[in-house]
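> Let's see this in three dimensions:
(2 chains)
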Amino acid sequence: MSIRPTPFRELRIDRLSRDFGALNALRDISLTIRQGEFIALLGPSGCGKSTTLNCIAGLLPATGGGIWLDDKRIDTLRPEQRGFGMVFQNYALFPHMTVRKNVGFGLMMRGVAKAEAARRVDEAIALVRLQGQETKLPGQLSGGQQQRVAIARAIVVEPPLVLMDEPLSNLDAKLRLEMRAEIRRIHTMLGATTIYVTHDQEEALSLADRIVVLKDGVIRQVGTPAELFAKPDHLDVAAFMGFRNLVPGRVVSVHGEQVLVDVDGVRLPATRRTALQPGDGAMLAIRPDDLVHEPGGATTLPATAVSSEFRGNDYTGFARMADGTELVFTAHEAVAPGMALQLAAQPSRTLAYPAA
Amino acid sequence: MSALPLGQRLSNRGLDGLTLLVIPAALFLLATFVYPFLYGLVLSFEPKDGGGALANYVKFFSDPFLYDTIAKTLYLAVPVTLLNLVLAVPIALRVRLMRRQRLLTTILVVPITLGTVLVAEGMLNYLGPQGWFNRTLMLLGIVDSPVRLIHNYWGVFLSLLVTGFPFTFLLTLSYLSGVDPALERAAATLGAGAPSRFRHVLLPLLVPGLAITFCLSFVQAFSVFPSAVLLGAPAGPTRVISIAAYTAAFEEYDYSMASAIAMLMGLVELVIVGLVLAGRGLLYRGPTSGGKG
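As a prediction, this is how the structure comes out:
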């Protein structure tokens, strides 16, 4: 493997801000990325993740703060001077150039000698497994193949940093899984430092070394996939990480991390993530996978079954509590609408947050 | 296979009730374009003074006063159209990024709505020996005597430029807006500066559209009449082909000859347009966006 990313120590984003008129799209984003890391910027649409990526790429000027690559300030450079590879959501392949020319474009712009460029283009095309397609135009390729060309085009210039802007969002479900594995494989082979923007928590969890969760232009939490999956710091992060059940209640007692929360007269044990005092309003967050029907259980949420969906191994059930709160749970068999349920989850998997 | 009713078989071939809506337009076109065109074509082969079917055409190509009009018109129309394109591309590049595009487009459409006669009249005053333009030049001491800009080649040239530009510009802008902006961003991240992005990405994708723009603008400029009469020297350097047709029809009352000139005018336009489109056929003509999405 002779394509190898330009080495560096770290990319430091320091209090980066971006305003659009009165709107703060980004506020004081600070983040340090080490060489070789795969970072996912995760958040709902409008959270500022693509804005962050565009500021790093230089496609959008920042309105505050700075970006440093080791000791070099780069946020004042034009995109063509930064030398990062970027993969766009719609691939942005040059429609009038063959696969070969698309991949070789960055090398041509850098004035790399013809023989050397040809060798590297061949290598990049082999890396993304597109041998035999070199003379085709992008319009003659499938979505997955176009994505491969876009990746080859970005890595062939040996950038210190590869930026990916929701690269899989235009693919169908099966191809998305396939390309996800490809991106992981290429990252493992090259060790290219990657910043990957996505709104899909599953994608972020499966690909990233570290995930940065953004909301309303601020960083909410940074952590490894395991940390974020098990211990979201905030209610909104939890909601985004798949804690679909949000049940309001009131704190009864606090013992270290353990709290007892009163929900409509039922006292549920839970684990707190932030400071909570007895008497505080609380919001319990539970994953559908952790919530099950437990007839005769000691501390359970009473609810009425609404419907259920077959999922293969089990069923996803939908239920409603007396106060109208909707619950999603896991059932081993189909539930009859109207059936009385007693839903329970492990205290360690029931997270308590201050009520929003 | 013959079980299907006739109506459904027809609609499977794209013929249904909706197709009937085409009929009024087709009739209109037939009555106002196809019939007059064929009538004129036939008329041109029936010369007023006899002498065989091709007499009008023979006469045209044996009289320099007549056949020179082709060269004179081309000499006006081709440079004007090219200059308009050369001006339209950079301006469209800038305007594409502007927020208040609509205001600018409105301003630009005004010369089109005013019509060529009004613009020609205005320029007659503005560019004339006593007009603002020459007075300003003399006031500033740039020239001693008025620059002659009307009743010659340049008067018509400028007028065609002014009336033709908005059309050329708007077409160019729409072609440019059709190029996916992500392509330029991609080129920038790959190290291409603005000139390289234009040369390697924008221009190749734009050229097919520019060829069409050239054809449409050229046809407009080639049929110049009012400004050639008002601002030009209709007996000399700007005796364009439409003037020759007008003279034949309304001064010599030779409709047959006028028809022949009109047919030749169409033929020249067809040849130029054909050449441009043939050249375009050699270039890339696919989509101008960079993939799905």
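
> quick one: what helix or strand has the residue nearest the centre of chain B in it?
The residue lying closest to the centre of chain B (CA atoms, centre = their mean) is B:Ser217, at 2.2 Å. Assigned by DSSP states H and E, B:Ser217 falls within helix B:203-222.

> And for that helix, what's in contact with it?
Helix B:203-222 has contacts (CB atoms under 8 Å, 6 or more residues apart in numbering or on different chains) with A:95-96, B:73-74, B:76-78, B:80-82, B:84-85, B:88-89, B:160, B:164, B:167-168, B:171-172, B:175-176, B:178-179, B:183, B:241, B:265, B:268-269, B:272-273, B:276-277, B:279-280, B:283-285, B:288. For every residue, glycine as well, the C-beta is placed using N, CA and C.

> which other residues reach whichever helix or strand comes after that helix?
Sequence-wise, the next helix or strand downstream of helix B:203-222 (DSSP H and E) is helix B:226-230. Helix B:226-230 is touched from outside by B:76, B:116-117, B:119-121, B:123-124, B:155-156, B:159-160, B:163, B:234, B:238-240, B:242-243, with contacts defined as CB under 8 Å, 6+ apart.

> coming back round to it: please, a ChimeraX command that selects the buried ones among the contacts of helix B:203-222?
Applying 16 or more other CB atoms under 10 Å in any protein chain shown to those leaves a buried subset, and the ChimeraX line that selects it is:
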select /A:95,96 /B:73,74,76,77,80,81,84,85,88,89,160,164,167,168,171,172,175,176,179,183,241,265,268,269,272,273,276,280,284,288
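
> Filter the contacts of helix B:203-222 down to the ones in helices?
B:73-74, B:76-78, B:80-82, B:84-85, B:88-89, B:160, B:164, B:167-168, B:171-172, B:175-176, B:183, B:241, B:265, B:268-269, B:272-273, B:276-277, B:279-280 (DSSP state H).

> Near chain B, which residues of the stretch 101-250 of chain A? Just list them.
Counting by CB under 8 Å from any CB of the partner chain, the stretch 101-250 of chain A comes close to chain B at A:105-106, A:109-110, A:137-139, A:143, A:146, A:150, A:153-154, A:157, A:163, A:170.

> What residues does the stretch 151-293 of chain B have near chain A?
Contacts of the stretch 151-293 of chain B with chain A, taken as CB under 8 Å from any CB, map to B:180, B:182-183, B:185-193, B:196, B:200-201, B:204-205, B:284, B:286-293.

> Could you pull out the helices in the stretch 251-356 of chain A for me?
Assigned by DSSP state H, counting those that start in this stretch, the stretch 251-356 of chain A shows no helices.

> At which residues are the strands of it located?
A:258-263, A:266-272, A:281-286, A:292-293, A:301-310, A:315-320, A:326-331, A:340-344, A:351-354 (DSSP state E, counting those that start in this stretch).

> The shortest one: how far from the chain's middle?
What that stands for is strand A:292-293. Distance of strand A:292-293 from the chain centroid (CA atoms, centre = their mean, to the nearest Å) equals 29 Å.

> Repeat that for the fifth one.
Strand A:301-310 has its average C-alpha position 30 Å from the chain's average C-alpha position, going by CA atoms, centre = their mean.

> Okay, angle between that strand and strand A:281-286 too, please.
Put simply, strand A:301-310 runs at 30 degrees to strand A:281-286, going by axes from the mean of the first three to the mean of the last three CA atoms, to 10 degrees.

> Next, the angle strand A:258-263 makes with strand A:301-310.
Relative orientation of strand A:301-310 versus strand A:258-263 (the same axes, to 10 degrees): 90 degrees.

> Show me what strand A:301-310 is packed against.
In terms of contacts (3 or more CB pairs under 8 Å, 6 or more residues apart in numbering or on different chains; DSSP states H and E), strand A:301-310 is packed against strand A:266-272, strand A:315-320, strand A:326-331, strand A:340-344.

> Tell me which strands the first one pairs with, and in which orientation.
The one in question is strand A:266-272. Sheet partners assigned to strand A:266-272 using DSSP bridges are listed as strand A:258-263 (antiparallel), strand A:351-354 (parallel).

> Let me see the contact set for B:Ala186.
So B:Ala186 contacts A:Met86, A:Phe88, A:Ala92, A:Leu93, A:Phe94, A:Arg153, B:Gly290 (CB under 8 Å, 6+ apart).

> after the host helix or strand of it comes which helix or strand?
B:Ala186 is part of helix B:181-189, with elements assigned from DSSP H and E. Using DSSP H and E, the next helix or strand after helix B:181-189 towards the C-terminus is helix B:194-197.

> Rounded mean pLDDT for that following helix, please.
For helix B:194-197, mean pLDDT is 93.

> Could you do stretch B:133-147 as well?
For stretch B:133-147, the mean pLDDT works out to 88.

> Remind me what the helix or strand harbouring A:Thr188 packs against, helices and strands.
Per DSSP H and E, A:Thr188 falls inside helix A:173-190. Contacts defined by 3+ CB pairs under 8 Å, 6+ apart place helix A:173-190 against helix A:114-127, helix A:143-155, helix A:201-207.

> With only the CA atoms kept, save whichever helix or strand comes after that helix in CSV.
Downstream of helix A:173-190, the first helix or strand assigned by DSSP H and E is strand A:193-198. What follows is strand A:193-198, C-alpha atoms only, in CSV (Å, rounded to 0.1, in the frame of the first residue of the first chain):
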residue,chain,number,x,y,z
THR,A,193,-8.2,10.4,9.7
THR,A,194,-11.8,10.8,9.0
ILE,A,195,-14.6,13.2,10.0
TYR,A,196,-17.9,11.7,9.1
VAL,A,197,-21.2,13.6,9.2
THR,A,198,-24.4,11.6,9.8
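
> Pretty sure A:Gly83 sits against A:Val162.
No: here A:Gly83 does not reach A:Val162: they are 11.2 Å apart, not a contact under CB atoms under 8 Å.

> how far does stretch A:214-226 stretch from start to finish?
17 Å (CA to CA, to the nearest Å).

> Can you list the buried residues in that stretch?
Under the neighbour-count criterion of 16+ other CB under 10 Å, stretch A:214-226 has A:Leu214, A:Lys215, A:Gly217, A:Ile219, A:Arg220, A:Gln221, A:Val222, A:Gly223, A:Pro225 buried.

> And the fourth one, what's its pLDDT?
What it means is A:Ile219. Reported pLDDT for A:Ile219: 94.

> got it, and A:Asp236?
89.

> Quickly find the element holding it.
Taking DSSP H and E as the criterion, A:Asp236 maps to helix A:235-240.

> Kindly export that helix (C-alpha atoms) in CSV.
The C-alpha trace of helix A:235-240 is given here as CSV (Å, rounded to 0.1, in the frame of the first residue of the first chain):
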residue,chain,number,x,y,z
LEU,A,235,-32.0,13.8,27.7
ASP,A,236,-31.8,15.0,24.1
VAL,A,237,-28.7,12.9,23.5
ALA,A,238,-30.5,9.9,25.0
ALA,A,239,-33.5,10.5,22.9
PHE,A,240,-31.3,10.6,19.8
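
> I would like the residues contacting that helix, please.
When contacts are defined by CB under 8 Å, 6+ apart, helix A:235-240 is touched by residues A:42-44, A:201, A:213, A:215, A:220-221, A:228, A:232, A:246, A:273, A:283, A:285, A:351, A:353-354, A:356.

> So among these, which ones count as buried?
Those of these that meet the buried threshold are A:42-43, A:201, A:213, A:215, A:220-221, A:228, A:232, A:246, A:273, A:283, A:285, A:351, A:353-354, by 16+ other CB under 10 Å.

> Tell me where the stretch 1-150 of chain A has helices.
Secondary structure of the stretch 1-150 of chain A by DSSP H, counting those that start in this stretch: the helices cover A:49-57, A:79-82, A:99-109, A:114-127, A:143-155.

> where does B:Tyr233 fall, phi/psi-wise?
Let me fix one detail, which is that residue B:233 is Ala and not Tyr. When read as degrees, to the nearest 10, the backbone of B:Ala233 gives phi -120, psi 80.

> Now do the same contact list for it.
Applying CB under 8 Å, 6+ apart, the residues near B:Ala233 are B:His151, B:Asn152, B:Tyr153, B:Arg239.

> quick one: which of those sit in helices?
The helices, defined by DSSP H, take in B:Tyr153 from the contacts of B:Ala233.
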